[in-house]
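A.B. asks: no sequence on hand, only this structure:
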């Protein structure tokens, strides 16, 4: 049985990760640390494990294999410096960093440490997106003209972020609603395409619920190949049926809920009238993929530190573009 510990419990996804860990019998959660005593006590109770008084104490736990980092984003670097030095595998909730500078420093230290790394980009496991990537990589779309991706929910229209207010503070989170949810579709877009050139964006706060925190937004991204993409994200939509569109000269695809619809004269049954059935299997959630990799030691279907850092770099550029109302150039991703 592998030993794992929770380093910070601030992120809104923490309860889901706790549930997933409690459902498995191949991990023993041996410690919890959080600078917030109530959060530390609450989560340690669930695991019936030790409460650590510091990051150093937690990382020194006997035979510790891996850690889950769910702290506020502005605490990631100081935590990951120690995680990398201790040589512990780590799942770090997205986004990796506040922007380009801290993310690239973390990337280098994690890469030098040679540890397994994962972050919470769960959309890569979805069959529809896996199929679209396969079609893009095989040039089945022909010349792609546009891509559109959406990621919204209604949390700000309903209960809001009580209990998770740090996520509405850009000094702690680095981003607001657009960055929180938009990073998922940004990851998918950059997984599809790697020749980004420039970005621009516009944000809004229709409810003005939290000072200086965007609640919704759209970004345009230009690629050197000629593709123009848009990503939309926020906390103020009641529903989100259409999540993706890809339009090319030889094929057109869209995702409705979890179903892929495909139109192409060159692909059997790609008539667009019903969901396309020839799709890959659904992979486990990104968190489960990390836990599985800790056991196997293999980096199968994991997001690399370099990929995670690049998403923070691009998101920082998007926020700069929204603030300045200009296009901001971004260096393309280099393997």
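C.D. replies: Sure thing, it's come through. These numbers were taken from a predicted model, which means no experiment stands behind them.

A.B. asks: find me the pLDDT at the residue nearest to residue 127 when sequence neighbours are not counted, would you?
C.D. replies: Distances taken as C-beta to C-beta, 6 or more residues apart in numbering put residue 279 closest to residue 127, at 4.1 Å, once the chain neighbours are dropped. The C-beta positions use only the backbone N, C-alpha and C, and glycine is treated the same way. At residue 279, the model reports a pLDDT of 98.

A.B. asks: the closest residue to residue 234 other than its chain neighbours: how many residues sit nearby?
C.D. replies: The spatial neighbour of residue 234 that comes closest, neighbours along the chain excluded (C-beta to C-beta, 6+ apart), is residue 216 at 3.1 Å. When neighbours are defined as other C-beta atoms under 10 Å, residue 216 has 23 of them.

A.B. asks: in terms of contact, does residue 216 touch residue 180 like I think?
C.D. replies: No: with contact defined as C-beta atoms under 8 Å, residue 216 does not count as touching residue 180 (11.1 Å).

A.B. asks: need the overlap of contacts for the two.
C.D. replies: Each of 233, 235 lies in contact with both residue 216 and residue 180 under the rule C-beta atoms under 8 Å, 6 or more residues apart in numbering.

A.B. asks: what about residue 118, which SS state?
C.D. replies: strand (DSSP: H, G, I helix; E, B strand; the rest coil).

A.B. asks: next one: it from residue 194, what distance?
C.D. replies: To residue 194, residue 118 is 20 Å away according to C-beta to C-beta, to the nearest Å.

A.B. asks: between those two, point out the one with more neighbours.
C.D. replies: residue 118 (27 against 14).

A.B. asks: report the contact partners of the closest residue to the more buried one other than its chain neighbours.
C.D. replies: Spatial nearest neighbour of residue 118, chain neighbours left out: residue 290 (3.7 Å); criterion: C-beta to C-beta, 6+ apart. Each residue near residue 290 by C-beta under 8 Å, 6+ apart is listed here: 66, 89, 91, 116, 118, 302.

A.B. asks: can you pull out the helices in the protein?
C.D. replies: 14-22, 37-47, 55-59, 76-86, 100-113, 127-137, 170-173, 177-192, 286-296, 305-324 (DSSP state H).

A.B. asks: quick check: which of these is nearest to residue 247?
C.D. replies: Between residue 247 and these, the shortest separation by C-beta to C-beta is 11.6 Å, and it involves helix 127-137.

A.B. asks: ok, and what's touching the closest one?
C.D. replies: Contacts for helix 127-137 (C-beta under 8 Å, 6+ apart): 123-124, 141, 144, 188, 191-193, 244, 246, 251, 253, 255, 258-260, 262, 276, 278-283.

A.B. asks: off-centre distance for it?
C.D. replies: When C-alpha coordinates are averaged (C-alpha atoms, centre = their mean, to the nearest Å), helix 127-137 and its chain have centres 18 Å apart.

A.B. asks: buried set for that helix?
C.D. replies: 127, 128, 129, 130, 131, 132, 135, 136 (16 or more other C-beta atoms under 10 Å).

A.B. asks: gap between the residue nearest the centre of the chain and residue 311?
C.D. replies: Central residue of the chain (C-alpha atoms, centre = their mean): residue 121, 3.5 Å from the mean position. Per C-beta to C-beta, residue 121 is found 8 Å from residue 311.

A.B. asks: joint contacts of those two?
C.D. replies: 94, 183, 187.

A.B. asks: residues contacting residue 145?
C.D. replies: With C-beta under 8 Å, 6+ apart, residue 145 has these contacts: 226, 227, 228, 247, 248, 249.

A.B. asks: hmm, try it at 10 Å
C.D. replies: 226, 227, 228, 246, 247, 248, 249, 252 (C-beta atoms under 10 Å, 6 or more residues apart in numbering).

A.B. asks: tally of neighbours for residue 37?
C.D. replies: Neighbour count for residue 37, taken as other C-beta under 10 Å: 9.

A.B. asks: same question for residue 329.
C.D. replies: Using other C-beta under 10 Å, residue 329 has 11 neighbouring residues.

A.B. asks: and the nearest residue to it once chain neighbours are set aside, what are its bridge partners?
C.D. replies: Nearest non-adjacent residue to residue 329, counting by C-beta to C-beta, 6+ apart: residue 198, 5.0 Å away. Taking DSSP bridges as the rule, residue 198 bridges to residue 222, residue 329.

A.B. asks: these two touch, right, residue 198 and residue 330?
C.D. replies: Yes: between residue 198 and residue 330 there is a contact under C-beta atoms under 10 Å: 6.3 Å.

A.B. asks: okay, the two: which has more neighbours?
C.D. replies: Counted by other C-beta under 10 Å, residue 198 and residue 330 do not tie: residue 330 has more neighbours, with 21 against 16.
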